[in-house]
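S.K.: Pasting a predicted model and its sequence here:
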Amino acid sequence: MSKQINKKNIERYSRQIILKNVGPIGQKRILNSKVLIIGLGGLGCPVADHLCRAGVGTIGIVDFDKVSLSNLHRQSFYSHKDIKKFKVDVVKKKINLINPKIKVKKFKKAITENNVSSLIKKFDIIIDGSDNFKTKFLLNKISIKYNKTLIIGAISKFDGHVFSFNFNNRKEPCLKCFYQSEPSDNILNCEREGILGPVAGVIGSLQANEALKRILLTKDYLNKKILILDALKLNFKKVLFNKKRNCICKK
Ligand SMILES: [Zn+2]
């Protein structure tokens with residue numbers, strides 16, 4: 001049964017319903033959307049925060065890890081008392097404290113070739129907040145197979161990247177079209193390379209922004225482009241890239 005806007009909802013979401021691109025119809029679309037967030041680290045936390053506040057009706061969260069002390073400088077959902085707790089447990093609780101109406105489905109596991117299809121099938125939009133390219137390429141491949149929307153984020157040091165793909169539209173390129181081969185450095189290692197907290201916050205927020213725009217059908221997507229942030233020099237740039245011939249995204 002689809003979710004409707006009631007009196008309480010109107011007040012909760014009034015500041016976004018007032019927007020021309022949202023309105024009651026857009027809000028209803030948000031309430032009935034299903035988004036899966038892979039990874040509850042520096043990217044996954046702001047994504048979950050923005051989406052539950054906006055009213056995304058069903059949020060899936062996937063992470064096998066526990067909160068550690070070194071997570072706290074950037075992973076905005078966790079506090080000192082959450083250390084050693086499973087991230088999915090803390091995030092589910094937090095989401096429902098912010099917005100009790102959200103249905104949260106938690107998956108305490110790592111994404112693998114074997115479980116990825118069953119995980120993403122029931123969601124409309126997949127948001128990648130993982131810390132490694134192996135997972136990003138796996139999500140790319142399976143999102144193409146099931147015609148999903150996939151929003152990828154990557155962060156390291158002062159740098160951030162965002163990709164946004166709708167594989168229902170096969171004119172759009174995919175992650176493989178951008179990277180000729182998989183980057184040799186598989187892990188985006190925050191431990192070794194370091195990461196500034198706000199970079200994770202900005203990139204995660206932009207991923208949530210793209211997801212809401214996709215739900216609202218605003219049309220001004222980041223399609224066919226990568227967004228690159230250099231937070232040190234404070235440069236944002238969008239770089240166009242083409243669909244490669246004979247890529248896995250070819251229909
Ligand atoms: Zn491709």
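M.R.: Received the coordinates, thanks.
S.K.: Mind listing what's buried along whichever strand or helix holds residue 207?
M.R.: In the assignment (DSSP states H and E), residue 207 maps to helix 197-216. Residues of helix 197-216 classed as buried by neighbour count (16 or more other C-beta atoms under 10 Å): 199-216. Where C-beta positions appear, they are placed from N, C-alpha and C, glycine not excepted.
S.K.: What are the boundaries of the helices in this protein?
M.R.: 7-12, 14-17, 23-31, 44-54, 87-98, 116-120, 133-145, 175-178, 190-193, 197-216 (DSSP state H).
S.K.: Need the residues that contact the fifth one.
M.R.: It stands for helix 87-98. Residues from elsewhere that reach helix 87-98 (C-beta atoms under 8 Å, 6 or more residues apart in numbering): 40-41, 44-45, 48-49, 52-53, 59, 61-63, 65-67, 77-78, 82, 102, 104, 106-108.
S.K.: What of the second one?
M.R.: Residues lying outside helix 14-17 but in contact with it, judged by C-beta under 8 Å, 6+ apart, are 5, 10, 22, 23, 24, 26, 27, 54.
S.K.: out of those, which are buried?
M.R.: 5, 22, 26, 27, 54.
S.K.: The nearest residue to residue 249 once chain neighbours are set aside and residue 140, how far apart?
M.R.: Of all residues beyond its chain neighbours, the one nearest residue 249 is residue 174 (3.8 Å), with distances taken as C-beta to C-beta, 6 or more residues apart in numbering. Per C-beta to C-beta, to the nearest Å, residue 174 is found 5 Å from residue 140.
S.K.: and the stretch 151-251 of the chain, which residues reach the ion?
M.R.: By C-beta under 5 Å from the ion, the residues of the stretch 151-251 of the chain that approach the ion are 174, 176, 177, 247, 249.
S.K.: Only the buried subset of the residues you listed, as a PyMOL command please.
M.R.: Restricted to buried positions by 16+ other C-beta under 10 Å, the PyMOL selection for these reads:
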select buried, resi 174+176+177+249
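S.K.: Fine by me, we can end here.
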